[in-house]
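with the sequence up front, the predicted model follows.
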Amino acid sequence: MEHIRTTKVEQVKLLDRFSTSNKSLTGTLYLTATHLLFIDAHQKETWILHHHIASVEKLALTTSGCPLVIQCKNFRTVHFIVPRERDCHDIYNSLLQLSKQAKYEDLYAFSYNPKQNDAERLRGWELIDLAEEYKRMGVPNSNWQLSDANRDYKICETYPRELYVPRIASKPIIVGSSKFRSKGRFPVLSYYHQSKELNAMANRAAGKGYENEDNYSNIRFQFVGIENIHVMRSSLQKLLEVNGTKGLSVNDFYSGLESSGWLRHIKAVMDAAIFLAKAIAVESASVLVHCSDGWDRTSQVCSLGSLLLDPYYRTIRGFMVLIEKDWISFGHKFSERCGHLDGDPKEVSPVFTQFLECVWHLTEQFPQAFEFNEAFLLQIHEHIHSCQFGNFIGNCQKEREELKLKEKTYSLWPFLLGDQKKYLNPLYSSQSQKSAVLEPNTVSFNFKFWRNMYHQFDRTLHPRQSVFNIIMNLNEQNKQLEKDIKDLESQIKQRKNKQTDGILSKELLNSVRPESPALKATLSLKEQALLPVNDVLRTIEGSSPADNRYSEYADEFSKAEPAVVSLEYGVARMTC
Amino acid sequence: MEFAELIKTPRVDNVVLHRPFYPAVEGTLCLTGHHLILSSRQDNTEELWLLHSNIDAIDKRFVGPLGTIIIKCKDFRIIQLDIPGMEECLNIASSIEALSTLDSITLMYPFFYRPMFEVIEDGWHSFLPEQEFELYSSAISEWRLSYVNKEFAVCPSYPPAVIVPKAIDDDVLRKVATFRHGGRFPVLSYYHKKNGMVIMRSGQPLTGTNGRRSKEDERLINATLRAGKRGYIIDTRPLNVAQQARAKGGGFEQEAHYPQWRRIHKSIERYHVLQESLIKLVESCNDQTQNMDRWLSKLEASNWLTHIKEILTTACLAAQCLDREGASILIHGTEGTDSTLQVTSLAQIILEPRSRTIRGFEALIEREWLQAGHPFQQRCAQAAYCNSKQKWESPVFLLFLDCVWQILRQFPCSFEFNENLLIMLFEHAYASPFGTFLGNNESERCKLKLQQKTMSLWSWVNRPSELSKFTNPLFEANNLVIWPSVAPQSLQLWEGIFLRWNRSSKYLDEAYEEMVNIIEYNKELQTKVNLLRRQLAELETEDGVQESP
């Protein structure tokens, strides 16, 4: 709390990011130990977690106050105008401090308390069990065994303790191989594909340089040009600059999208994963995947390849396992890539975001193949940056153990599973493509800008009615109706039985009073109320008279034609 | 002329048909006066029936004795026929070329088509101007139906009946017609029931270089304003284009002569600019090999989505003037038959819930496009593949449909129809067995006696069996004005049209079916629950009766 000088500022304006007429909401800004909170005049709250803040910028003083622009890692951008420069300065300095912690122990996860006891917390951490996962894949078996070579992180600090290696790989071979590979990341099993004819497997390893083909018989080499973390970082930077522009033209949007190279990178990752999946599923060949260190591009390709091959990873729980296995356990440096601590900005890179985007593209092409929906991907993305849960803190297993994360923090997965309803894909089919290997089409036109990720907080850019939500709710409603039908049928049955009995014992029942008319009335009311349930779901956001999205159409001509009119807030203002 | 003269080889065996995402089919190719038919003579194999009028361009090439004809259709599909024998191939190619470019409209298929279905409702009489005007019952005190153009003498591109201000008599209309491009005097396009404000449309005023004015024109449009009210004139051309038009006798409304009106210039492109945009877009969508940078840069360079944005923005502006400003508007460009109609019809989609129903949308097409004199015959003569570019060919109507699709995407529950209706209209505007889109205006259609000699598209569409394909299962009537977002991030490439033949839609179709199943199942369950509730209530009543002493 020592960083907080001002806890509350009134009369702060929150500008609409895309309004060219500087539309704004006025409200009060609060600064807490973990969040920045803005409450507008309609009591609508905007919460911004300090850890989500990627940058804070104080712009030059204007007549209406001091502008403060905050960009978040979940792609929220807010633009405040603080009336007094002094307050703005205080908040700015506080946020600078609060958004960049120097040590792990200051991260939110270490103070976050969801009111669970120790046993519940531990059960949460045990929810995803990688030993189980390897068993599910079918290892150990006649070819693969569990190696204890890295039990004390002696051979590779960034690998987990438990590793699966070929049976013929003795400890000296492993040690030899690790010395030959960058950071000691020798080839280990990532995914074992069980197929009828021949068992094929995908491995992972790290390189720096590449293998001399002469020394590796029976091996074919394939280079897939996925760019390094620095290229990816600046690509995303460019993308965000373009789509954050006010009054963006179609041409600027597409030329910006092109020059950012973002979709080109997404396609490259996807193509590599498809190559991997094909090699395994079609050619029954094993594949060794590596990049330079083997924790970025390798993780992307291995996990995406596994997702194409194995329908299990397309379920909610399976996807959690996949992330635990290919990303967390194999040492994707989440804390460095997400900039959890105040560290080297050159280590930050949206590698995991790209993975999520690739998965999103797959859900677009195969709408029935995934048990989870887009909200699930967005929620995971939210939490790799939030530092609210322990899963993504640290850069490798060894570091996580040292931080005692399982004792001091909570796991994200049980919370997501508890909220499962929100993340279910209503169109998921356990038959159609579920059991199949996915073969996505990667012709360029299949790749689209992921608006719901990069503009997830810019509601004015979204469709006003969501088919997805409606179907999701109908699906829920159907389950309830099925239950209602069962209840009603059993009630009717009871009634009928009672009637049969009743005829026999009519004399006895004569004294019982008939059912009150009031009770019947409630019954028929219920019947009416049932039908329009989904009305609420179909409400069109922002169609109230208060909505003034329309004013943006007019901004254009007022700019181009100053001699004419400017339509704003439904009032014509003559500017000639 | 006999079609037989044009068909040099009516039949070739062992022809192989290649289509993307389908296995090759071998069969017999037959040419008739209006169709190209490929039949494999096997059960379970779909035959290909292609209207010659759907063919936009053909390419031929030879490898030894095997000839190949590549047929490029107006619906953007590309198919390939491998024909054994050079002579047969050449004959087929030249026959197709001749049959797909018939000069005379009366030789077109609609004049020969005999429907195989029972006509429940004759579509030619489905949307009469009188009926449409009756819907504006609240407008009757200020507006009237005029038959001044009964013989198409005042304006050749207007229908016989138009809606004009009640205070203006036919003589004035005749005078105004001489002051407006193509005789297109201002007429009512839309009446906003909420506040009585209107959209009118017309051709450009013929002011010329010396600033000619027409008192009658000023009287006419001022008659639509309520006391003390101002109106807006939306000129779909940029100011400099409107100024240049004066040199050719056209022009725009001078502020001095129309003091109660504020003029706003927008810039909606026309003619070959749009045609070139379409050609570039389709070419790019057909290229399966280009890398990401090339795809994005070609998508950008086509400018298609820029045109979409411009048209939608103008339509929103028009709707805004009416609904939020409470002001009437007059819309025109040059002729008033293209960008003007895009804006007036889209503004109605935004403002008027009825135009988002199937029936209402058909009425809108009939009123704002067919009756309003959009020259379909000229604009849709060729699509994206033809080399002989004519100035008058332009995908104006397709752009309109694309804009409707964009709004539909943003308000997926507010439309009674689905994307299929839009795709169907696009297909039929370019090649159809029905007479609806033949000719350039009502006058031409009358002369061709289309009502007597051809079948209306609406006769076919409005049959329950067809309607079910075009019905949106998510529809829930929404009486609000729907304001779409026109930000580039909110606009999308219309995949159902432009990627339709370039990728398999199997998984998307299956997902759509599943969605329909969920909705249908929900209805079933609701019915069953209600039935059971009633049953239970009855049992309870019986009990009550039995139990009462």
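Looks like it came in fine.

looking at the stretch 101-250 of chain B, which residue is nearest chain A?
Closest residue of the stretch 101-250 of chain B to chain A, Cβ to the nearest Cβ: residue B:239 (7.4 Å). Bear in mind the C-beta positions are built from the backbone N, C-alpha and C, glycine included.

ok, the residue lying closest to that residue once chain neighbours are set aside to residue B:273 distance?
Nearest residue to residue B:239, sequence neighbours excluded (Cβ to Cβ, 6 or more residues apart in numbering or on different chains): residue B:265, at 4.6 Å. Separation of residue B:265 from residue B:273 (Cβ to Cβ, to the nearest Å): 17 Å.

the more surrounded of these two?
Between residue B:265 and residue B:273, residue B:265 has the larger neighbour count (other Cβ atoms under 10 Å in any protein chain shown), namely 21 against 12.

thinking again about what came up before, hang on, the residue nearest to residue B:239 packs against residue B:235?
Yes. Using Cβ atoms under 8 Å, residue B:265 is in contact with residue B:235, at 5.0 Å.

which residues do those two both contact?
With contacts defined as Cβ atoms under 8 Å, 6 or more residues apart in numbering or on different chains, the residues shared by residue B:265 and residue B:235 are residue B:242.

quick one on the thing from earlier: distance of the residue nearest to residue B:239 relative to residue B:253?
From residue B:265 across to residue B:253, the span is 11 Å (Cβ to Cβ).

and what of residue A:28?
To residue B:253, residue A:28 is 50 Å away according to Cβ to Cβ.

past the helix or strand harbouring residue B:497, which element shows up next along the chain?
Under the criterion of DSSP states H and E, residue B:497 resides in helix B:495-498. Sequence-wise, the next helix or strand downstream of helix B:495-498 (DSSP H and E) is helix B:506-547.

low-confidence regions, the chain specifically.
As the question left the chain open, I've gone with chain A. Where chain A drops to pLDDT under 70, the residues are A:1-2, A:20, A:195-219, A:432-435, A:502-576.

let's do chain B instead
Counting by pLDDT under 70, the ranges of chain B that qualify are B:1, B:44, B:388, B:545-549.

any idea how many residues pack against residue 281?
Answering for chain A, as no chain was given. 19.

not quite, I wanted chain B
Using other Cβ under 10 Å, residue B:281 has 25 other residues around it.

what sits against the nearest residue to it once chain neighbours are set aside?
Spatially, and ignoring its direct neighbours in sequence, residue B:281 is nearest to residue B:302 (3.9 Å; Cβ to Cβ, 6+ apart). Under the criterion of Cβ under 8 Å, 6+ apart, the neighbours of residue B:302 are B:277-278, B:280-281, B:284.

ok, and the most crowded of those?
In the contacts of residue B:302, the most neighbours by other Cβ under 10 Å go to residue B:281, 25 neighbours.

am I right that residue A:146 falls within a strand?
Yes. With DSSP: H, G, I helix; E, B strand; the rest coil as the criterion, residue A:146 is located in a strand.

contact partners for it?
Counting by Cβ under 8 Å, 6+ apart, residue A:146 touches A:134, A:139-140, A:162-164.

which ones among those residues lie within helices?
Among the contacts of residue A:146, the members found in helices (DSSP state H) are residue A:134.

just the closest of the contacts of residue A:146 to residue B:494, please.
Distance to residue B:494 across those (Cβ to Cβ) is lowest for residue A:134, with 46.6 Å.

and the closest residue to residue A:25 other than its chain neighbours, how far is that from residue A:46?
Nearest residue to residue A:25 in three dimensions, chain neighbours excluded: residue A:40, at 4.2 Å (Cβ to Cβ, 6+ apart). From residue A:40 across to residue A:46, the span is 8 Å (Cβ to Cβ).

where do the contact lists of those two overlap?
Any residue near both residue A:40 and residue A:46 by Cβ under 8 Å, 6+ apart counts here, and that gives residue A:14.

the residue lying closest to residue A:320 once chain neighbours are set aside: neighbouring residues, count only.
The shortest distance from residue A:320 to any non-neighbouring residue, by Cβ to Cβ, 6+ apart, is to residue A:413 (4.9 Å). The tally of other residues near residue A:413 (other Cβ under 10 Å) stands at 21.

pull up the residues of the stretch 1-150 of chain A that are close to chain B.
The stretch 1-150 of chain A has residues residue A:18 near chain B, with proximity defined as Cβ under 8 Å from any Cβ of the partner chain.

hey, where'd the strands end up in the stretch 1-150 of chain A?
A:8-15, A:24-31, A:35-40, A:45-49, A:53-58, A:66-72, A:77-82, A:144-147 (DSSP state E, counting those that start in this stretch).

over to chain B?
B:11-18, B:25-31, B:35-39, B:48-51, B:55-63, B:66-73, B:78-84, B:143-146, B:162-165, B:187-192, B:197-201, B:231-235, B:261-265, B:329-332 (DSSP state E).

quick one: list the elements packing against the first one.
The criterion is 3 or more Cβ pairs under 8 Å, 6 or more residues apart in numbering or on different chains; DSSP states H and E, and the helices and strands that strand B:11-18 contacts are strand B:25-31, strand B:78-84.
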